[in-house]
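# After the sequence you'll find the predicted model.
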Amino acid sequence: MNPLRAITVSAPNFDFALAVWREHLDYELRERAPVPAALARAWGAPACAGRNSALLAPQSGAAVFVRLIEAPETPGYQPLRSFGWAALELCVANVDALHARLCDSPLEVIGAPADPAFSREIRPMQALGPCREPLFLTETHGDAADYDLPRAACQVDRAFIAVLGSADLPRALRFYRDVLGFRSTAPQPIVYSSLNKSFALATGTQHLICTLCNGRDVFLELDQYPSAATQRPRTAGELPPGAAVVSIAVPSLAIPGLRPIAEPATHAGVLYAGRRSLCCPGPDGELLELIETGAG
């Protein structure tokens with residue numbers, strides 16, 4: 001089972017972001033509530049307490065959410081330029097039709113649909129969401145040799161991969177593979193157009209990437225970022241800008257090697273349903289939220 005449960009995005013213009021996700025990406029509002037103080041403390045972002053939050057899901061009904069959290073602008077934030085959670089990858093039904101639609105929308109298209117040389121199973125495009133969160137919008141045609149890919153049941157379906165920009169790919173792999181126990185594919189070099197544009201690199205420049213799987217379900221991508229990348233700017237007490245937190249389901253929170261920000265706690269709401277969770281920093285400072293399922 002794909003363990004990805006939610007990707008949280010910091011939203012400087014909350015109402016605008018909520019409207020764009022609903023009107024232009026067809027996501028449905030599942031829950032809207034102030035951020036509980038205990039949850040804000042669990043993220044190490046106490047300033048978020050009491051702010052607006054919205055839990056959104058695709059029309060397919062898939063229980064993988066995009067969560068918007070009201071937040072101020074973070075000076076110095078630029079998409080695809082810093083370490084941490086870099087992008088949300090969503091499966092879509094027809095990427096060319098979606099591209100035509102998004103060209104006349106508040107979203108900024110930063111990469112038109114293309115067939116990548118490294119895979120015949122996908123046709124992706126890239127855009128910036130209303131919070132300048134990078135969106136990788138991917139039409140899938142089949143399964144890869146090492147993992148399965150979802151098929152969209154609506155025009156813009158669930159997020160199925162969270163993308164991490166890493167300063168040290170082997171170090172990130174050791175955490176997600178050896179500490180959390182997920183299976184990884186071997187790192188491979190690819191021509192990564194969006195990174196090359198972001199860092200003004202030559203068109204054919206290659207970057208190492210690998211994917212993390214639970215069984216045959218792919219859910220994370222780890223990207224080796226160029227040496228010009230920087231730490232994600234973050235205001236004290238706030239969540240990081242852009243893609244801020246990735247929530248995944250795990251059988252148990254008793255995992256050696258974690259450094260929780262706060263003790264495990266239970267939270268109400270659709271995402272948690274009273275289950276225990278904790279948040280911890282990953283090797284690139286990314287915030288990873290683990291939700292305990294109790295399943296063996």
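Now that the structure is in, tell me what you want to look at. These numbers come from a predicted model, not from an experiment.
# contacting residues around the helix or strand that contains Ala172?
Using DSSP states H and E, Ala172 falls within helix 169-173. Helix 169-173 is contacted from outside by Leu164, Ser166, Ser184, Pro187, Leu208, Cys210, Leu222, Asp223, Gln224, Gly282, Pro283, Asp284, using CB atoms under 8 Å, 6 or more residues apart in numbering. Just so you know, the C-beta spots here come from the backbone N, C-alpha and C atoms, and that holds for glycine as well.
# Please verify my assumption that Ala265 contacts Ala42.
Yes: using CB atoms under 8 Å, Ala265 is in contact with Ala42, at 6.3 Å.
# hmm, back to that, closest to Pro124 out of the contacts of helix 169-173?
Distance to Pro124, by CB to CB, is smallest for Asp223 among those, at 13.9 Å.
# In three-state terms, how would that closest one be classified?
Three-state assignment for Asp223 (DSSP: H, G, I helix; E, B strand; the rest coil): strand.
# Kindly report the same for Ala38.
Assignment for Ala38 (three-state DSSP): helix.
# which residues touch the spatially closest residue to it that is not a sequence neighbour?
Nearest-residue entry for Ala38: Ala265, 6.0 Å, with adjacent residues in sequence omitted and distances by CB to CB, 6 or more residues apart in numbering. Ala265 is in contact with Ala38, Ala42, Arg276, Ser277, Leu278, counting by CB under 8 Å, 6+ apart.
# Run through the bridge partners of Ala265.
Per DSSP bridges, the residues bridged to Ala265 are Ser277.
# Could you check how far it is from Ala49?
The gap separating Ala265 from Ala49 is 14 Å, by CB to CB, to the nearest Å.
# With Ala200 instead?
40 Å.
# Tell me which of the two has more neighbours.
Between Ala200 and Ala49, counted using other CB atoms under 10 Å, the more crowded position is Ala49 (15 against 8).
# Test for you: state the pLDDT assigned to the more buried one.
Predicted confidence (pLDDT) for Ala49: 98.
# same check, this time on the one 5 residues further on
Confidence per residue is given as pLDDT, and for Ala54 that number is 98.
# So it, which state does it fall into?
Classification of Ala54 by three-state DSSP places it in strand.
# give the contact list for it.
Phe14, Leu18, Leu29, Glu31, Arg32, Arg67, Leu68.
# Any of these buried? List them.
Phe14, Leu18, Arg67, Leu68 (16 or more other CB atoms under 10 Å).
# Would you check that the third one makes contact with Val9?
Same thing as Arg67. Yes: with contact defined as CB under 8 Å, Arg67 counts as touching Val9 (7.0 Å).
# Tell me where the chain has helices.
Secondary structure of the chain, counting by DSSP state H: helices at 14-23, 37-42, 95-102, 169-173, 193-198.
# Make TSV from the ones you listed and add distance to Arg216 and mean pLDDT to it.
Putting the helices of the chain into TSV (distance: least, CB to CB, whole Å; pLDDT from 0 to 100) gives the following:
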stretch	distance to Arg216	mean pLDDT
helix 14-23	29	98
helix 37-42	31	98
helix 95-102	23	96
helix 169-173	19	97
helix 193-198	26	94
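# Out of those, which gets nearest to Leu290?
Among the helices of the chain, if distance is taken as CB to CB, the winner is helix 37-42, at 10.7 Å.
# Listing request: residues of this structure with sub-threshold pLDDT.
Along the chain, segments meeting pLDDT under 70 span 295-296.
# Of all the strand elements in this protein, which one is longest?
What stands out as the longest strand in the chain, according to DSSP state E, is strand 156-166.
# Given that strand, what are its sheet partners and their directions?
In the sheet, strand 156-166 lines up with strand 84-92 (antiparallel), strand 217-224 (parallel) (DSSP bridges).
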